[in-house]
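Colleague: One predicted model, sequence on top.
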Amino acid sequence: MLLDHYYAQAILALPLVMTGEVKGLVLLVDTLKKRSLTNGSKLAQALVLQAGNAIQKARLFSDLESSLEQLREAQVSWCKAARMSAMGELAAAVAHQITTL
């Protein structure tokens, strides 16, 4: 099955944890007979933890960029509305001055 498919001598499966939840599975496959995956399992666990943290930070950064873009769009829209309001008030004042002359 999995060992045969990858011609593996050993497989180490580690959970990919982000925000306290398992989001995936990392499989380390050893195809050499001379090594043992258990020797480096602590290092592998540390690397998978760092990978989970990096993925989580990348997602947070992407969410932050999206929020910033939405904020910029809202600011542009607000500025346009404020300008239109000011022009409306100016036009009303000019119209009033013209009618009172």
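Modeller: Cool, got the structure.
Colleague: When you work out contacts or count neighbours from here on, use the C-alpha atoms and nothing else.
Modeller: Fine.
Colleague: Can you tell me the centre-most residue of this structure?
Modeller: residue 59 (1.6 Å; Cα atoms, centre = their mean).
Colleague: Show the backbone phi and psi for that residue.
Modeller: Per-residue torsions, residue 59: phi -70, psi -40 (degrees, to the nearest 10).
Colleague: where do the helices sit along this protein?
Modeller: For the chain, helices defined by DSSP state H occupy the ranges 2-5, 41-99.
Colleague: Redo those as a markdown table? Include mean pLDDT.
Modeller: A markdown table is the format used below for the helices of the chain (pLDDT from 0 to 100):
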| stretch | mean pLDDT |
| --- | --- |
| helix 2-5 | 68 |
| helix 41-99 | 94 |
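Colleague: Report the separation between residue 75 and residue 56.
Modeller: 29 Å (Cα to Cα, to the nearest Å).
Colleague: Which of those two has more residues huddled nearby?
Modeller: Set residue 75 next to residue 56 and count neighbours by other Cα atoms under 10 Å: residue 56 wins out with 15 against 12.
Colleague: which non-adjacent residue is nearest the more buried one?
Modeller: residue 18 (6.4 Å; Cα to Cα, 6 or more residues apart in numbering).
Colleague: Neighbours of that neighbour, how many?
Modeller: 18.
Colleague: Could you tell me which residues make contact with it?
Modeller: 52-53, 56 (Cα atoms under 8 Å, 6 or more residues apart in numbering).
Colleague: Out of those, which comes closest to residue 91?
Modeller: Nearest to residue 91 out of the contacts of residue 18 is residue 56 (Cα to Cα; 52.5 Å).
Colleague: Alright, I will stop here.
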